[in-house]
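J.: coords please:
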Amino acid sequence: MTRGNTWHTKASATARGNLAAAVSDNKLYVLGGSNALNAAVTVVEMYDPSTDTWSSKYAIPTAVAGAAAAEVDGIYEFSGTLDGNTVLRRKDFEVKFV
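T.: Purely as a prediction, here's the structure:
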């Protein structure tokens, strides 16, 4: 990849918005989000920039959009407040990818 003032097209993940993202071991993980119908999803995907590929991971247990994620020691702390159009109490998930 050339560095500078140029954008480059890379592989695409499943289309969605309002997702959470975190980086671990030089890989980008995107969790949850909302689809084109504004419904929350359970999709989890990993992007490997060394191969420019996305791969599916295990789904999160509850569809959540409008969330945040952080990686600590290989475990994702994942909190969200929206499930589609229904406001939920705070949800916490720990996701460990092996």
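J.: From here on, just use CA atoms for contacts and neighbour counts.
T.: Noted.
J.: Helix or strand: which one has the residue nearest the centre of the chain?
T.: Centroid-nearest residue in the chain: V30, 1.5 Å away (criterion: C-alpha atoms, centre = their mean). Assigned by DSSP states H and E, V30 belongs to strand 27-31.
J.: Break down this protein into its strands, ranges please.
T.: Under the criterion DSSP state E, the chain contains strands at 20-24, 27-31, 44-48, 53-56, 65-72, 75-83, 86-96.
J.: quick one on the thing from earlier: with the flanking residues excluded, which residue is spatially nearest to the residue nearest to the centre of the chain?
T.: Nearest residue to V30, sequence neighbours excluded (C-alpha to C-alpha, 6 or more residues apart in numbering): A21, at 4.4 Å.
J.: where's the one you found relative to G32, distance?
T.: Using C-alpha to C-alpha, to the nearest Å, A21 is found at 9 Å from G32.
J.: follow-up on the earlier one: show me what the strand holding V30 is packed up against.
T.: Judged by 3 or more C-alpha pairs under 8 Å, 6 or more residues apart in numbering; DSSP states H and E, strand 27-31 is in contact with strand 20-24, strand 44-48.
J.: picking up where we left off before, give the residue from A21 and G32 that has the larger number of neighbours.
T.: Set A21 next to G32 and count neighbours by other C-alpha atoms under 10 Å: G32 wins out with 30 against 21.
J.: tell me, how many neighbours does A36 end up with?
T.: Look at A36: counted by other C-alpha under 10 Å, it has 9 neighbours.
J.: Skipping adjacent residues, who's closest to it in space?
T.: Using C-alpha to C-alpha, 6+ apart and skipping residues adjacent in sequence, the residue nearest A36 is R16, 6.7 Å away.
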